[in-house]
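> sequence first, predicted coordinates after that:
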Amino acid sequence: MAKTIPFSQHTQAARARAAKAALLPLPRATADELALQVHLALDALRRGKGNLNDAQTLTQTMILVSLLTDAGYGTLAPESLRRADALIAACFDEGRATGVWALDMAGFRSFAEIVTLYDHQLQKVPFWAVAEASDKLDRFKAGLPFDPVAKKRA
């Protein structure tokens, strides 16, 4: 009769594999899919054919890039982020007022810099860092602080 592997060892091996995988960048197909969504949103806004979802996509990308650069993965000048923030705020104002969701050439250039850095981050940054930044973004969108409160263990 074949000997089975004890459950506890199997779980430990699975955790070890998961921990090692977290040190690697996102799988290329996943990174490409995420980047494509952002590039499509940027292009739609550049052509004046965007919508609320496209503006939200660029805003979330800007925040993720900022979180990852703050964690030491890439560099982006603070004034570039401030400029992009002002430009996307203007896009939201104009879009809500007129129904035209667009970025002018300055807005496109500003976000092209951010999107290029995002592409690089998706290809090079460890999965755990991207997941942590995404969790912070989710907490921010929910109106919670970036850093979760430490839970007591009984």
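Nice, I can see it. Numbers count the residues shown, from 1 in each chain.
> alpha carbons only for contacts and neighbour counts from here, please
Will do.
> can you give me the helices in the chain?
7-22, 28-46, 52-70, 78-98, 105-124, 127-141 (DSSP state H).
> can you list the ones you listed in a markdown table and add mean neighbour count and mean pLDDT?
Conversion of the helices of the chain to a markdown table gives the following (neighbours: other Cα atoms under 10 Å; pLDDT from 0 to 100):
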| stretch | mean neighbour count | mean pLDDT |
| --- | --- | --- |
| helix 7-22 | 12 | 63 |
| helix 28-46 | 17 | 97 |
| helix 52-70 | 19 | 97 |
| helix 78-98 | 15 | 97 |
| helix 105-124 | 18 | 97 |
| helix 127-141 | 17 | 94 |
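> how much space separates residue 72 from residue 55?
Separation of residue 72 from residue 55 (Cα to Cα, to the nearest Å): 26 Å.
> same thing with residue 11?
Using Cα to Cα, residue 11 is found at 42 Å from residue 55.
> and the gap between the residue most central in space within the chain and residue 22?
In the chain, the residue lying closest to the centroid (Cα atoms, centre = their mean) is residue 64, at 3.9 Å. Counting by Cα to Cα, the gap from residue 64 to residue 22 is 18 Å.
> next one: residue 145
Going from residue 145 to residue 22 by Cα to Cα gives 24 Å.
> just residue 71 next, same as before
Distance, residue 71 to residue 22, by Cα to Cα: 16 Å.
> can you check residue 11 too?
Residue 11 is 16 Å from residue 22, where distance means Cα to Cα.
> do residue 28 as well
Distance check for residue 28 against residue 22: by Cα to Cα, it reads 14 Å.
> could you do residue 54 as well?
Distance, residue 54 to residue 22, using Cα to Cα: 29 Å.
> ok, now residue 85?
Using Cα to Cα, residue 85 is found at 31 Å from residue 22.
> got it, and residue 48?
39 Å.
> then residue 37?
Distance, residue 37 to residue 22, using Cα to Cα: 23 Å.
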